[in-house]
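*Asks:* only the shape, not the letters, is given here:
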Ligand code: ADP
């Protein structure tokens with residue numbers, strides 16, 4: 001440490017305020033930094049600075065830096081230690097912080113605080129000028145005597161330790177090489193002393209006083225050691241416990257600690273944790289790990305980064321519901337009533353859910369399939385999941401899987417990483433606090449994949465009843481029994497669910513709603529719910545059925561009811577303003593009545609006075625336009641079908657069914673086909689197929705002007721509007737044929753007909769999927785006739801009777817039948833358009 005003597009610290013120092021621990025010159029200490037100013041200091045001074053000077057900072061003990069930058073800095077302890085930051089380690093766990101390794105250089109006194117933000121900087125006066133002692137006056141007077149006594153005590157202390165331990169031997173050598181006057185600081189930092197005592201040593205600027213303060217501490221430690229060695233002789237097997245190296249010091253003796261306060265606190269904490277571990281009723285494997293970690297933790301100095309990690313781990317382990325569960329209270333008739341009350345329509349789904357619950361009741365150890373609700377957004381998948389939890393009397397937890405592309409999200413990070421944590425399953429269990437909740441795995445179709453492993457594979461382990469009784473999260477590293485958890489999954493489409501995962505699940509389709517169903521849902525559930533959310537009553541706001549219908553057809557276009565709910569919410573907000581304004585006026589008029597009347601009848605009268613005269617506010621056509629603006633969707637079907645070369649197809653998307661226009665135009669050219677509108681390969685092939693079929697059947701269907709090929713000298717452009725949406729699939733085949741037939745014949749397609757079906761080169765119509773959603777879309781768009789493949793006839797069973805009654809279905813097995821149904825008067829008809837013919 002003689003190198004210290006030459007050190008000249010800068011006259012201005014940035015200050016690091018510490019609360020626990022006192023840094024003494026000549027010792028090294030870890031300081032955890034997490035308050036705003038200290039963090040700033042580390043960031044802008046230590047991490048940016050390049051010179052040696054920039055790594056020297058002033059450490060002020062006994063002052064907690066306020067958490068927030070804006071708060072006042074408390075008054076600072078006047079003496080601090082200038083220190084050299086030897087190492088900076090950053091971590092984000094459990095919250096952002098740095099750990100600094102600092103070696104104390106010398107004392108300083110704060111003469112003037114120059115600034116407080118972003119971190120305090122002060123003008124300082126260096127106090128230890130070590131060189132003045134090192135020469136000459138070593139043995140002089142009282143100081144010399146004191147330093148000699150101190151040195152001897154230090155030698156005695158080290159002599160009592162086991163010299164075979166390398167660090168002890170090193171310390172012995174150090175005692176001789178260090179200047180005597182540095183010994184009080186160095187030894188006070190090493191032996192077991194409380195912060196208060198260290199602070200006294202730091203405050204002793206005068207060297208003589210410093211020796212006087214430090215000597216009793218050293219003697220106390222020697223006495224402690226003597227006592228320890230005596231007992232050791234009595235109980236030889238306690239050997240191992242003696243040399244616990246703690247707090248960066250070399251000295252032993254947890255059980256002989258003289259540092260009461262700190263030790264007690266620590267001990268209490270540990271005892272609490274130990275108690276919790278015992279109370280957590282975990283399986284043996286987990287208990288064993290916990291006990292081992294607890295032992296390790298006890299030996300670890302708190303400033304070690306691993307301490308926090310181990311502690312967090314143990315706290316996680318004790319909080320997990322290893323054997324805590326709720327009792328199922330399943331009563332099938334009650335469950336039926338509850339499901340019916342919560343949800344309108346969705347009969348098939350509710351029936352299947354009841355079956356599932358009934359089986360569970362009969363056989364509690366169910367290893368059945370996982371239910372997976374598949375349907376467009378806003379059709380109530382999540383809300384059915386929640387109802388299931390309620391009927392069972394279980395806790396409910398939703399795990400959103402959309403965009404999860406790292407398997408550690410499911411299975412946790414190994415504990416070797418800084419910031420590692422358990423996966424969502426274990427975290428969910430910790431949140432609900434029982435081991436048999438209902439877990440809703442939302443959006444399993446949107447799982448991603450990345451270099452960090454496939455989350456679907458991890459989910460397989462979670463969902464597989466054969467494996468999930470010993471699910472091992474990487475963070476916990478001990479198995480957790482998930483077999484009591486009831487998993488339900490939701491998805492918009494099965495197409496993107498990984499096949500292995502799909503295999504474990506029973507898919508229940510939840511199709512979109514018809515307009516009538518939506519009106520019912522709105523009046524039974526959405527409007528009362530929104531009224532309640534906005535603090536309104538039916539006496540204040542009424543939405544008639546006609547208005548709801550108008551919202552559904554002109555302001556929303558969706559399979560579910562989510563944006564319908566939002567629109568109703570918007571109406572409620574607008575009305576809430578009106579009602580609140582009304583209240584204000586009346587309050588001004590009769591303030592006493594408003595406040596004092598507690599009884600409900602009077603309250604009602606009150607609201608009569610309070611309400612503006614037009615209460616309840618009834619939302620009619622005009623009010624609707626005022627609140628929601630002009631209609632967003634107009635029925636433009638008939639307008640768009642005023643020219644030949646346009647036909648309406650039916651498409652299925654994860655959002656539900658939709659109607660889709662197909663447009664075609666022709667121009668002179670050399671027989672090229674142009675396709676636009678973001679089409680996939682299958683769609684492009686359908687278009688080519690349609691053209692080939694028309695060409696080969698031109699004689700039968702199309703007016704020709706003598707040449708065998710109606711497309712000779714003509715380019716065709718096919719466009720599928722809504723270019724932002726990628727479209728693929730074979731089901732547009734019949735629509736493309738109809739559209740081209742219309743273009744080439746110059747005849748208009750019926751404006752109230754929509755169609756779907758795959759075609760073959762020979763003119764057959766093959767079945768397609770998503771019929772229910774598609775038919776509902778046609779019904780929503782007010783179309784009257786729907787052409788579907790004959791082999792899809794059976795799918796109509798799922799469609800509500802009133803929708804079926806509104807529509808005229810044509811079941812086609814050949815393109816002949818399709819064209820006949822799509823054109824008024826059948827196809828071909830003897831009508832020909834002269835101008836079109838002339839172009840050919
Ligand atoms: P999803 O999970 O299918 O996207 P949600 O379950 O979040 O949809 O449903 C959206 C909203 O619609 C919820 O407020 C829900 O209560 C309501 N809802 C949907 N379907 C029904 C129904 N059949 N009966 C009553 N409310 C419904």
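*Replies:* Sure, I can see it. Just so we're clear, the structure is a prediction, and the values are computed from it rather than from any experiment.

*Asks:* correct me, but residue 286 touches residue 314?
*Replies:* No: using CB atoms under 8 Å as the test, residue 286 is too far from residue 314 to be in contact (11.0 Å). Where you see a C-beta, it was placed from the backbone N, CA and C, and this is true even at glycine.

*Asks:* need the nearest residue in space to the one residue in the stretch 501-650 of the chain that gets nearest to the ligand, chain neighbours excluded.
*Replies:* Closest contact between the stretch 501-650 of the chain and the ligand, by CB to the nearest ligand atom, is at residue 525 (3.9 Å). Spatially, and ignoring its direct neighbours in sequence, residue 525 is nearest to residue 344 (6.6 Å; CB to CB, 6 or more residues apart in numbering).

*Asks:* next, the one you found: secondary structure please.
*Replies:* coil (DSSP: H, G, I helix; E, B strand; the rest coil).

*Asks:* what sits against it?
*Replies:* 517, 520-521, 524-525 (CB atoms under 8 Å, 6 or more residues apart in numbering).

*Asks:* residue 154 too?
*Replies:* Per CB under 8 Å, 6+ apart, neighbours of residue 154: 175, 183, 187, 218.

*Asks:* tally of neighbours for the second one?
*Replies:* Which is residue 183. Residue 183: 23 surrounding residues under other CB atoms under 10 Å.

*Asks:* gap between it and the ligand?
*Replies:* According to CB to the nearest ligand atom, to the nearest Å, residue 183 and the ligand sit 71 Å apart.

*Asks:* per-residue pLDDT, the spatially closest residue to residue 471 that is not a sequence neighbour?
*Replies:* Distances taken as CB to CB, 6+ apart place residue 482 nearest to residue 471, at 4.7 Å, with adjacent residues excluded. The model reports residue 482 with a pLDDT of 89.

*Asks:* what's the neighbour count on the residue of the chain found nearest the ligand?
*Replies:* Closest to the ligand within the chain is residue 380: 2.7 Å, counting by CB to the nearest ligand atom. For residue 380, the neighbour count with other CB under 10 Å is 24.

*Asks:* please apply the same query to residue 501.
*Replies:* If we define neighbours as other CB under 10 Å, then residue 501 has 23 of them.

*Asks:* you'd agree it is up against residue 461?
*Replies:* No: Residue 501 is beyond contact range of residue 461, at 10.9 Å (criterion: CB under 8 Å).

*Asks:* so residue 401 touches residue 444, yeah?
*Replies:* Yes: in this structure, residue 401 is within contact of residue 444 by CB under 8 Å, at 5.6 Å.

*Asks:* most neighbours out of the contacts of residue 344, which is it?
*Replies:* Going by other CB under 10 Å, residue 521 tops those with 23 neighbours.

*Asks:* identify the residues contacting that one.
*Replies:* Contacts of residue 521 (CB under 8 Å, 6+ apart): 344-345, 513, 561.

*Asks:* going by neighbour count, which of these comes out on top?
*Replies:* Of those, with other CB under 10 Å as the count, residue 513 tops at 28 neighbours.

*Asks:* correct me, but that residue touches residue 345?
*Replies:* Yes: using CB under 8 Å, residue 513 is in contact with residue 345, at 6.4 Å.

*Asks:* which residues of this protein lie near the ligand?
*Replies:* Neighbours of the ligand within the chain, by CB under 6 Å from any ligand atom: 343-346, 377-383, 490, 521, 525, 560-562, 565.

*Asks:* can you tell me which of these are in helices?
*Replies:* Counting by DSSP state H, those place 381-383, 521, 562, 565 in helices.

*Asks:* redo these as TSV? Include pLDDT and distance to residue 737.
*Replies:* TSV is the format used below for these (pLDDT from 0 to 100; distance: CB to CB, whole Å):
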residue	pLDDT	distance to residue 737
381	92	36
382	92	41
383	91	42
521	94	38
562	92	36
565	94	40
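
*Asks:* most neighbours of all these, which one?
*Replies:* Neighbour-wise, these (other CB under 10 Å) top out at residue 381, 27 neighbours.

*Asks:* show me what stretch 421-434 is in contact with.
*Replies:* So stretch 421-434 is contacted by 93, 316, 319-321, 324-326, 394-397, 399, 404, 408-413, 435, 437, 439, 458, 462, 471, 473-476, 480, 482, 485 (CB under 8 Å, 6+ apart).

*Asks:* narrow these to those in strands?
*Replies:* Cross-referencing the contacts of stretch 421-434 against strands under DSSP state E gives 396-397, 399, 439, 471, 480.

*Asks:* of all those, which comes closest to residue 782?
*Replies:* Distances from residue 782 to those, taken as CB to CB, are shortest for residue 396 (39.5 Å).

*Asks:* thought residue 385 was touching the closest one, still the case?
*Replies:* Yes: here residue 396 reaches residue 385: they are 7.2 Å apart, a contact under CB under 8 Å.

*Asks:* got any residues that touch both of the two?
*Replies:* If you check residue 396 and residue 385 against CB under 8 Å, 6+ apart, the residues they both contact are 438, 440.

*Asks:* who's more crowded, these two?
*Replies:* Between residue 396 and residue 385, counting by other CB under 10 Å, residue 385 is the more crowded of the two (25 against 19).

*Asks:* got the confidence number for that one?
*Replies:* For residue 385, the predicted pLDDT is 91.

*Asks:* how about it, nearest residue that isn't a chain neighbour?
*Replies:* Per CB to CB, 6+ apart, closest to residue 385 is residue 440, 4.2 Å.

*Asks:* I figured that neighbour hits residue 384, correct?
*Replies:* No: using CB under 8 Å, residue 440 makes no contact with residue 384, being 9.5 Å away.

*Asks:* so for stretch 669-679, mean pLDDT?
*Replies:* 83.
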